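Asks: Please find the sequence and the predicted model below.
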Amino acid sequence: MLDKRVPSLASAVAGVRDGATVLIGGFGNSGVPVELTHALLEQGARDLTVVTNNAGSGDTDVAALLRERRVRKIVCSYPRSKGSIWFEELYRARDIELELVPQGTLSERMRCAGAGLGGFFTPAGADSLLAAGKEVRVIGGRRHVFEEPLRGDVALIKADRADRWGNLTYHSAARNFGPTMAAAAALTVVQVRQFVELGELDPEVVVTPGVFVDRVVRIEPGGAR
């Protein structure tokens with residue numbers, strides 16, 4: 001019987017190796033897989049490349065990984081935001097590598113990876129330092145820079161509901177990067193609010209099909225496993 005549900009956060013992140021590229025969902029405070037990210041911290045993987053929208057805030061989730069020096073490189077759109085103290089400290093000390101990617105480009109690079117495409121041309125950043133070392137073409141009279149697919153070894157995302165096959169729905173803006181990250185990673189791990197029976201999810205509202213999901217863990221109210 002196909003069942004992608006796992007019993008604990010520890011089992012959800014088991015096997016994540018040192019040096020992995022980890023895609024972590026979230027937009028500001030919306031849709032961040034806080035419990036999964038903290039489980040990864042407890043699991044102990046280090047020397048990570050983290051791909052996410054912003055470089056953490058305060059002392060939780062991505063910021064906690066930075067605080068504990070678990071991240072070698074971060075790929076994001078907003079490295080500096082309110083409370084991004086740990087990224088700023090590491091960056092000033094040259095203890096972390098930053099790859100700055102425009103937000104739409106970040107999402108599209110992951111979408112290309114999930115779709116099996118070889119990349120795309122975009123005008124975003126074509127006239128800036130972000131185009132350094134990349135192919136630039138003039139298309140329709142406008143400069144475009146070539147961007148390569150962005151794949152992950154692991155994706156950590158937050159959804160709302162799931163069935164045992166891993167079909168997912170999301171709540172409002174918490175959807176953000178989850179669907180593209182799920183498709184772009186070799187191993188997709190999801191935390192959800194609720195498990196439902198097969199057939200209970202209307203196929204028309206399933207956003208991420210279970211074929212893109214490997215492990216799902218339910219987070220009880222209050223963050224308990």
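Replies: That came through fine.

Asks: got the contact list for the residue of the chain most remote from its centre?
Replies: Each residue of the chain has a distance to the centre, and by C-alpha atoms, centre = their mean the biggest one is for Gly141: 34.3 Å. The contact partners of Gly141, by C-beta atoms under 8 Å, 6 or more residues apart in numbering, come to none. For the C-beta atoms, the positions are set from N, CA and C on the backbone; glycine is no exception.

Asks: Tell me how far it lies from Ile96.
Replies: According to C-beta to C-beta, to the nearest Å, Gly141 and Ile96 sit 39 Å apart.

Asks: How about Glu147?
Replies: Distance from Glu147 to Ile96, counting by C-beta to C-beta: 22 Å.

Asks: If I follow the layout properly, Ala45 ends up in contact with Asp18?
Replies: Yes. Counting by C-beta atoms under 8 Å, Asp18 is a contact partner of Ala45 at 5.6 Å.

Asks: The two: who's more crowded?
Replies: Ala45 (18 against 11; other C-beta atoms under 10 Å).

Asks: May I have the secondary structure class of the residue nearest to Ala131 when sequence neighbours are not counted?
Replies: Take Ala131 and drop its neighbours on the chain: the residue closest to it by C-beta to C-beta, 6 or more residues apart in numbering is Val145, 4.3 Å away. Here Val145 is recorded as strand under DSSP: H, G, I helix; E, B strand; the rest coil.

Asks: quick one, what contacts Ala39?
Replies: Neighbours of Ala39 in contact, by C-beta under 8 Å, 6+ apart: 9-10, 12-13.

Asks: In ChimeraX, how would I select the buried members of those residues?
Replies: Per 16 or more other C-beta atoms under 10 Å, the buried members of those correspond to this ChimeraX selection:
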select :9,12,13
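
Asks: Check the gap between the closest residue in space to Arg193 that isn't next to it in sequence and Thr21 for me.
Replies: If you skip the residues right next to it in sequence, Arg193 has Asp160 as its closest partner in space, 5.4 Å away by C-beta to C-beta, 6+ apart. Using C-beta to C-beta, Asp160 is found at 26 Å from Thr21.

Asks: neighbour-wise, which of those two wins?
Replies: Here Asp160 and Thr21 are compared on neighbour count by other C-beta under 10 Å; more neighbours surround Thr21, at 19 against 16.

Asks: Please go through this protein and pick out the longest helix.
Replies: Assignment by DSSP state H gives helix 103-115 as the longest helix of the chain.

Asks: Tell me which residues are up against it.
Replies: For helix 103-115, the surrounding residues in contact (C-beta under 8 Å, 6+ apart) are 23, 51, 53, 75-78, 101, 118-120, 122, 124-125, 147-152, 177, 180-184, 212.

Asks: buried sites along the helix or strand following that helix?
Replies: Where DSSP states H and E defines the elements, the next helix or strand beyond helix 103-115 is strand 120-122. Buried residues in strand 120-122, counting neighbours by 16+ other C-beta under 10 Å, are found at 120, 122.

Asks: Likewise for stretch 174-187?
Replies: Neighbour-count burial for stretch 174-187 [16+ other C-beta under 10 Å]: 174-185, 187.

Asks: Sketch out the low-pLDDT regions of this protein for me.
Replies: Low-confidence segments of the chain, defined by pLDDT under 70: 222-225.

Asks: What segments of it are helices?
Replies: Along the chain, the segments classed as helices by DSSP H run 9-12, 34-43, 61-67, 85-92, 103-115, 178-184.

Asks: Please compute how far the longest one lies from its chain's middle.
Replies: When distances are taken as C-alpha atoms, centre = their mean, to the nearest Å, helix 103-115 is centred 11 Å away from the chain's centroid.
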